[in-house]
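# Could you look at this predicted model? Sequence included:
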Amino acid sequence: MAIYEIKSDRLEEIPETSFSSEKVREREDLQRLLREQIEVISPDTLVISEEFGEWEDSHRRVDLLGLDKDANLVVIELKRTDDGGHMELQALRYAAMVSTLTFDKVVDIYGRFLAKLGRDEDPEASILEFLGWDEDVENEFAQEVRIVLASKEFSKELTTAVLWLNLHGLDIRCIRMKPHKDGSKILLDIQTVIPLPEAEDYQVKIREKQQKERISRSESTKGLTKYQVTIANITSSPLAKRRAIFAIVRHLCGQGVSPEEIHEVLYWRANGLWRIVDGEVDSNDFKEKAEHAATVGGPAFDPGRWNYGDDELIRAHGKTYAFTKMWGARTEEGMRDLLEKFPTFGITFTAAS
């Protein structure tokens, strides 16, 4: 879009120009000016280094490295070209490289940057003040790396790549810096191209929704993992996780381990591990007794949640026990804990391929 000057009788276009024709240099001019006024392209950001490149086996350097108010690192790449080149690929490399920086390392980096600028400030105190922290909180520091790309223009290939990367959980912003010539003055039109300011909240919500869906799908896939249980050198066919842990528990109880000892290991299942009735009964009597107990103030009995077939019930000490079928993300942990507690019963398990 053009920039116009409003005159009394017309709108007069202020012609667009280029950085090269105006002899505006990338590093000595643009980078230097934005370093001092980074809020122009990245609000709420503290520049902590310039031409940062403290990594092995690489001579690449981040134009500007920043820190935002949420304690995320910000990789800022500048180009004065008409298409942005391949700056998104460069920035991704840099983001990966800086992602391991700790609070103490960033303090050191910022201290040397301040010294280079001739500024006598305490780097740690300045960072803590910027973040609004009383002390460093390492597990909340640099959890994410944001990327800001600033260029005269961006190619369709670049913007397509950035949109796709943002949909997959990254936070990359494209800032267009377009110079215009007004007599002897050079004006800079700065606009956020990605994400569009009007749609930013919506795009953030879409990205968060998609991240949650990917996590959900991943967890769902994990929930479908099957296990092969080996007992006395006999390996089962692949079993669903609830059948795998039940096979282990049934064998242990058959070898004299009490349900109470099982409960001590799987304590985190609290009262949801066993359903217990008095007497050593069969499946029909177990169901009848459990349902009757529910009518007189006991816990509800949903048959689909318990292993209470005649060959599944555990009978010990004048009582009958049904083991739960309801297992989630901690199933494998529970199986490992049982094998660690009872290592002499010849049981192993492995995830089925």
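Ah, there it is. Numbers count the residues shown, from 1 in each chain.

# from here on, contacts and neighbour counts on C-alpha atoms
Will do.

# Next, please give the residue ranges for the helices of the stretch 201-350 of the chain.
Shown for the stretch 201-350 of the chain, the helices assigned by DSSP state H, counting those that start in this stretch span residues 241-254, 259-265, 283-295, 331-341.

# low pLDDT regions in the stretch 251-353 of the chain?
By pLDDT under 70, the stretch 251-353 of the chain contains no weakly predicted segment.

# let's see it at 80
Scanning the stretch 251-353 of the chain for pLDDT under 80 picks out the ranges 328-329, 353.

# So for Lys205, what's the pLDDT?
Per-residue pLDDT puts Lys205 at 64.

# Over to Ser58?
pLDDT recorded at Ser58 is 63.

# repeat for the one 10 residues further on
Model confidence at Asp68, given as pLDDT, is 94.

# who wins for proximity to Thr81 among the helices of the stretch 201-350 of the chain?
Each of these has some distance to Thr81 by C-alpha to C-alpha; the shortest is helix 331-341, at 54.0 Å.

# That closest one - contacts with which helices or strands?
helix 241-254, helix 259-265 (3 or more C-alpha pairs under 8 Å, 6 or more residues apart in numbering; DSSP states H and E).

# Restrict the first one to CA atoms and write it as PDB.
Written as PDB, here are the backbone C-alpha positions of helix 241-254 (Å, rounded to 0.1, in the frame of the first residue of the first chain):
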ATOM      1  CA  LYS A 241      -2.400 -52.300  28.800                       C
ATOM      2  CA  ARG A 242      -5.300 -53.100  31.200                       C
ATOM      3  CA  ARG A 243      -4.900 -56.800  30.400                       C
ATOM      4  CA  ALA A 244      -1.200 -56.700  30.700                       C
ATOM      5  CA  ILE A 245      -1.100 -55.300  34.200                       C
ATOM      6  CA  PHE A 246      -3.900 -57.600  35.200                       C
ATOM      7  CA  ALA A 247      -1.900 -60.600  34.000                       C
ATOM      8  CA  ILE A 248       1.000 -59.500  36.200                       C
ATOM      9  CA  VAL A 249      -1.300 -58.900  39.200                       C
ATOM     10  CA  ARG A 250      -3.100 -62.200  38.800                       C
ATOM     11  CA  HIS A 251       0.100 -64.200  38.700                       C
ATOM     12  CA  LEU A 252       1.500 -62.400  41.700                       C
ATOM     13  CA  CYS A 253      -1.600 -63.100  43.700                       C
ATOM     14  CA  GLY A 254      -1.500 -66.700  42.500                       C
END
